[in-house]
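Student: any chance you can model this:
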Amino acid sequence: MADVAATSEGISNSSEALPEQQQPSPEFLQRKIYFLVDQLRKMHEELPENLQTRISYDLLTELANCVLNEGIFVIVKALMELQHETERHLIKMRMQVENEYEIEVAEWRSKIKDPEELHHILGLMKIKHTKKLVESDKRIIEILDQKVKDQQSTLQKAGVPGFYVTDNAKEIKIQMFLLDFILRLSRLKYEPSK
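Tutor: Residues are numbered from 1 along each chain as shown. Sure, this is the predicted structure:
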């Protein structure tokens, strides 16, 4: 997405973005919106029919207007990077629980020579490990759920249409498709002569 700002042709609405150039003309912006809406409609057509009905043409138009401000691309990229970092951290957290179990099993195997006693101890450890793993997984899910809410809130505050804080799985799925649309738009270069 960083290269989008470098390859796009002055579509930002901020006067700081174009200090030595004139702001884009209303005609340029209108043509850009038509281009974005057309791209969004093509993406929309790729969705399963039940999702197409949940994403209106008005929402696509609002989204096209919203991404005229390329700052939205920057926000989405930053949220993605944060999510990837969170996921890496959570994977490490879960692996640590697994590793602790394996280390503990190895220690018991080296200490206990009686197979019957070792089998009993390992059975108890497996129960303890399973419980700890379930607790860890619940914590991971809570963290991910909170991350989703934080992202929804950030995008809502940034004015991205279709985003608001919700736990509804269907609405979250729609928001995921909207994010995909935004990411795909960020990779496109608008050619005003076309």
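Student: separation between the most far-flung residue of the chain relative to its centre and residue 80?
Tutor: The outermost residue of the chain, judged by C-alpha distance from the chain's mean C-alpha position using Cα atoms, centre = their mean, is residue 114 at 51.3 Å. As judged by Cβ to Cβ, to the nearest Å, residue 114 and residue 80 stand 53 Å apart. Bear in mind the C-beta positions are built from the backbone N, C-alpha and C, glycine included.
Student: what of residue 101?
Tutor: Residue 101 sits 32 Å away from residue 80, going by Cβ to Cβ.
Student: who's more crowded, these two?
Tutor: The neighbour comparison of residue 101 against residue 80 (other Cβ atoms under 10 Å) goes to residue 101, with 17 against 14.
Student: tell me how many other residues surround residue 131.
Tutor: Applying other Cβ under 10 Å, we find 10 other residues in the vicinity of residue 131.
Student: where does it sit: helix, strand or coil?
Tutor: When the structure is split into helix, strand and coil by DSSP: H, G, I helix; E, B strand; the rest coil, residue 131 lands in helix.
Student: and residue 47, by the same measure?
Tutor: In the three-state summary, residue 47 is assigned as coil, counting by three-state DSSP.
Student: okay but it is in contact with residue 53, surely?
Tutor: No: with contact taken as Cβ atoms under 8 Å, residue 47 and residue 53 are classed as non-touching, separated by 9.5 Å.
Student: pLDDT (mean, whole number) over stretch 34-50?
Tutor: Throughout stretch 34-50, pLDDT has a mean value of 95.
Student: buried sites along it?
Tutor: Using 16 or more other Cβ atoms under 10 Å as the burial criterion, the residues of stretch 34-50 that qualify are 35, 36, 37, 39, 40, 43, 44, 47.
Student: tell me the centre residue of the chain?
Tutor: When the chain is reduced to its mean C-alpha position, the nearest residue by Cα atoms, centre = their mean turns out to be residue 80, at 4.9 Å.
Student: and that one, how far is that from residue 36?
Tutor: Between residue 80 and residue 36 the distance is 20 Å, computed by Cβ to Cβ.
Student: please apply the same query to residue 57.
Tutor: Separation of residue 57 from residue 36 (Cβ to Cβ): 13 Å.
Student: residue 151 and residue 86 touch, don't they?
Tutor: No: with contact defined as Cβ under 8 Å, residue 151 does not count as touching residue 86 (10.3 Å).
Student: comparing these two, which residue is more hemmed in?
Tutor: Neighbours of residue 151 and residue 86, each counted by other Cβ under 10 Å, are more numerous for residue 151; the result is 20 against 16.
Student: dump the residue contacts of residue 59.
Tutor: If a contact means Cβ atoms under 8 Å, 6 or more residues apart in numbering, then residue 59 has 161, 162, 178 as its contacts.
Student: okay, and residue 184 sits in which element?
Tutor: Per DSSP states H and E, residue 184 falls inside helix 169-186.
Student: with residue 99 instead?
Tutor: Using DSSP H and E, the element containing residue 99 is helix 71-111.
Student: and residue 28, by the same measure?
Tutor: With elements delineated by DSSP H and E, residue 28 resides in helix 26-45, which encompasses its position.
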